[in-house]
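**Student:** give me the fold of what follows.
(one chain, ligands or ions: 1)
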Amino acid sequence: MSRDCAEFQNCIADLQLRNKSILDITTKLSEQNARVNRAVAKSVTRCGCISIDATKQVFSDDKTLHENKELLKTHIQGGLCPTCQEKVEEEIGDMLFYIASLCEALNLDMQDIVEQKIKELKTLGIFNLL
Ligand SMILES: [Zn+2]
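**Tutor:** Okay, the predicted model is just below:
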């Protein structure tokens, strides 16, 4: 398995000077989550490259899990333009920075967490989504 998460966390450990306090990290992580959501919202309301057409998600008991999966929607119409994609990716990257910072501050191994989650998802499969 790729060791990208470990390399990413090591990079942050070497560079982190500001926001080293767990209080700064957790509050910045919350703030960054809002920035990701804001970037997506601005793609709808300011740019218009995507729109949201949301309706109730209907999960049918008479269909298979795979059939239901195909019928469930993201509610997104269109696709991110290059400008919005760049902004959303930037904000998600910053969120990953704070997640890695949180792991570093708590002496957790981000790579182990990702590998454990992948194993869990593969074991539980589609039932993980219910
Ligand atoms: Zn756009």
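**Student:** distance of Met110 from the ion?
**Tutor:** 30 Å (C-beta to the ion, to the nearest Å). All C-beta spots, glycine's among them, are computed from the backbone N, C-alpha and C.
**Student:** same check, this time on Lys63
**Tutor:** Taking C-beta to the ion as the criterion, Lys63 is separated from the ion by 34 Å.
**Student:** surely that residue meets Lys69?
**Tutor:** No: in this structure, Lys63 is not within contact of Lys69 by C-beta atoms under 8 Å, at 9.4 Å.
**Student:** for the residue lying closest to Cys81 once chain neighbours are set aside, give its distance to the ion.
**Tutor:** Leaving aside its sequence neighbours, Cys81 sits nearest to Cys49 (C-beta to C-beta, 6 or more residues apart in numbering; 3.9 Å). Distance of Cys49 to the ion, given as C-beta to the ion: 3 Å.
**Student:** dump the residue contacts of Cys49.
**Tutor:** Contacts for Cys49 were tallied using C-beta atoms under 8 Å, 6 or more residues apart in numbering; they are 43, 78-81, 84.
**Student:** ok, and the closest non-adjacent residue to Ser60?
**Tutor:** Distances taken as C-beta to C-beta, 6+ apart put Asn68 closest to Ser60, at 6.1 Å, once the chain neighbours are dropped.
**Student:** so for the helix or strand the one you found falls within, what gets flagged as buried?
**Tutor:** In this structure, Asn68 sits in helix 65-71 according to DSSP states H and E. Across helix 65-71, burial judged by 16 or more other C-beta atoms under 10 Å covers Asn68.
**Student:** partner strands of the following helix or strand past it, with direction?
**Tutor:** Using DSSP H and E, the next helix or strand after helix 65-71 towards the C-terminus is strand 76-78. Applying DSSP bridges, strand 76-78 is found paired with strand 50-52 (antiparallel).
**Student:** flag the shaky bits of the chain, pLDDT-wise.
**Tutor:** Scanning the chain for pLDDT under 70 picks out the ranges 1, 126-130.
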